[in-house]
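Undergrad: return atomic coordinates for the entry below.
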Amino acid sequence: MNYEELKRQIGKAGLTNKAFAELIGINPNSVTNFKKNGVPSNIAIIAVLIAEMKEHRIDFEDIVKKAVYELGG
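TA: Numbers count the residues shown, from 1 in each chain. As a prediction, this is how the structure comes out:
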């Protein structure tokens, strides 16, 4: 996934880059850095999944926050 597609998926989920970063427990600058360094596959997968969850009216924020918390994030 390229950076523009990542931004599209984040937007589809109704999030800003900053809100997405905070939700998944990464530095907001990291999202911007993906533009020059490439989007890691795990980040791409998360973005697609939350965008799909939003489209299907699933409250992804609580689910993601719980997963991040359980992983120690």
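Undergrad: so where's this protein uncertain?
TA: 73 (pLDDT under 70).
Undergrad: please name the residues that touch residue 54.
TA: Taking Cβ atoms under 8 Å, 6 or more residues apart in numbering, we find residue 54 in contact with 12-14, 60. For the C-beta atoms, the positions are set from N, CA and C on the backbone; glycine is no exception.
Undergrad: again, only this time at 6 Å
TA: 13-14 (Cβ atoms under 6 Å, 6 or more residues apart in numbering).
Undergrad: quick one: which helix or strand includes it?
TA: Take DSSP states H and E as the rule and residue 54 turns out to sit in helix 41-55.
Undergrad: buried residues, that helix. List them.
TA: 43-44, 46-51, 53-54 (16 or more other Cβ atoms under 10 Å).
Undergrad: now tabulate these in JSON lines and tack on distance to residue 27.
TA: Below are the buried residues of helix 41-55 laid out as JSON lines (distance: Cβ to Cβ, whole Å):
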{"residue": "43", "distance to residue 27": "12"}
{"residue": "44", "distance to residue 27": "17"}
{"residue": "46", "distance to residue 27": "15"}
{"residue": "47", "distance to residue 27": "16"}
{"residue": "48", "distance to residue 27": "21"}
{"residue": "49", "distance to residue 27": "21"}
{"residue": "50", "distance to residue 27": "18"}
{"residue": "51", "distance to residue 27": "21"}
{"residue": "53", "distance to residue 27": "23"}
{"residue": "54", "distance to residue 27": "23"}
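Undergrad: in space, what's closest to residue 18 - neighbours in sequence excluded?
TA: Nearest residue to residue 18, sequence neighbours excluded (Cβ to Cβ, 6 or more residues apart in numbering): residue 28, at 4.5 Å.
Undergrad: would you map the helices across the protein?
TA: For the chain, helices defined by DSSP state H occupy the ranges 3-12, 17-24, 28-37, 41-55, 60-70.
Undergrad: still on that earlier bit, how far does the helix holding residue 54 sit from the chain's center?
TA: 6 Å (Cα atoms, centre = their mean, to the nearest Å).
Undergrad: need the contact partners of stretch 25-43.
TA: In contact with stretch 25-43 (Cβ under 6 Å, 6+ apart) are residues 1, 3, 6, 17-18, 21, 68, 73.
Undergrad: thank you kindly, that will do.
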